[in-house]
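> Whatever this is, show me its structure:
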Amino acid sequence: MAKLSKRQKALGTVDREKFYGVDEALSLVKANATAKFDETVEVALNLGVDPRHADQMVRGVVSLPKGTGKDVRVAVFAKGGKADEATAAGADVVGAEDLMERIQGGQIDFDRVIATPDMMGIVGRLGKVLGPKGLMPNPKLGTVTMDVAKAVNDAKSGQVEFRVEKAGIVHAGIGKASFSESDLAENFRAFMDAIVRNKPSGAKGKFVKKVSVTSSMGPGVKVALDEIAGA
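The predicted structure follows:
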């Protein structure tokens, strides 16, 4: 008899038709995160929106109370004193025209881009590069700001951006498999609260249709919607 792989064994522990409570779902995800690295725990949602319509776009940021467990690299477009503030706050890359040239050359080794408002003329030229990667600074997300120190700190301390994609899907990392179940549950609920708060005016009918959690290499586990406030 062929030996079952870890992934096949993991699939055997999850009932694909069952909807689990939040705590049980996260417990299963942790138990099935058996890779040799600390897997990311992700949440995936199906929302009742069509993001092609502006009044049905879901986008925002949320600060996860227990952090992401990820070392977030931050690039900041700033000059003078604001550049010094960004560096002091722990930004990984700080610059202006030189940073633009670096990005145009294909060197994009960061996870978040922040800019002071006066730098948006330069940043705007990078729209075709940064836009598709979800890295374009945006005032609504707090990434176009004069308070670069706060923006860097927020990005480094567990702030997660989310944006609905085609077919109404949103997914984001909410921690690592090494986190405790209670920490993952706290992050999960904070993320879901942010989604519900960002329900757009054009959303009709049921807003949150499906929720599942998974680890980088593990099987998906469906979450019961009745445990999600406002869903």
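> How far off centre is the helix or strand hosting residue 98?
In this assignment (DSSP states H and E), residue 98 forms part of helix 97-104. Distance of helix 97-104 from the chain centroid (CA atoms, centre = their mean, to the nearest Å) equals 25 Å.
> Restricting to C-alpha, output the helix or strand that comes right after it in CSV.
The first helix or strand that comes after helix 97-104 along the chain, using DSSP H and E, is strand 112-115. Presented in CSV, the C-alpha positions along strand 112-115 are these (Å, rounded to 0.1, in the frame of the first residue of the first chain):
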residue,chain,number,x,y,z
ARG,A,112,4.9,48.3,1.4
VAL,A,113,5.5,51.7,-0.3
ILE,A,114,4.9,55.0,1.6
ALA,A,115,5.2,58.5,0.2
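> So what touches strand 112-115?
Strand 112-115 is contacted from outside by 72-78, 86, 91, 123, 130, 135-137, 143-145, 148, 151-152, 155, 161, using CB atoms under 8 Å, 6 or more residues apart in numbering. C-beta coordinates here come from the backbone N, C-alpha and C atoms, glycine included.
> And that strand, how far out from the chain middle?
Relative to the centre of its chain, strand 112-115 is centred 15 Å away, using CA atoms, centre = their mean.
> same deal with stretch 45-61?
Centroid separation for stretch 45-61 versus its chain: 15 Å, with CA atoms, centre = their mean.
> where does this protein have low pLDDT?
Applying pLDDT under 70 to the chain flags the ranges 1-12, 229-231.
> Tell me where it has strands.
Applying DSSP state E to the chain gives strands spanning 40-47, 59-63, 74-77, 93-95, 112-115, 159-163, 169-176, 208-215, 221-222.
> gap between residue 170 and residue 129?
For residue 170, the distance to residue 129 equals 23 Å [CB to CB, to the nearest Å].
> more neighbours, these two?
Using other CB atoms under 10 Å as the criterion, residue 170 and residue 129 rank with residue 170 on top: 22 against 15.
> Check which helices and strands the longest helix seen in the chain is in contact with.
When the chain is parsed with DSSP state H, its longest helix is helix 181-197. If you count contacts as 3 or more CB pairs under 8 Å, 6 or more residues apart in numbering; DSSP states H and E, helix 181-197 packs onto helix 22-31, strand 40-47, strand 59-63, strand 159-163, strand 169-176, strand 208-215.
> buried stuff in the first one?
The neighbour-count check on helix 22-31 (16 or more other CB atoms under 10 Å) flags 22, 25, 26, 27, 28, 29, 30 as buried.
> Which strands and helices lie in contact with that helix?
So helix 22-31, by 3+ CB pairs under 8 Å, 6+ apart, packs with helix 6-13, strand 40-47, helix 181-197, strand 208-215, strand 221-222.
> what sits against the nearest residue to residue 122 once chain neighbours are set aside?
In this structure, residue 122 finds its nearest non-sequential neighbour in residue 100, 5.2 Å apart by CB to CB, 6 or more residues apart in numbering. By CB under 8 Å, 6+ apart, residue 100 lies in contact with 77, 122, 123, 125, 126.
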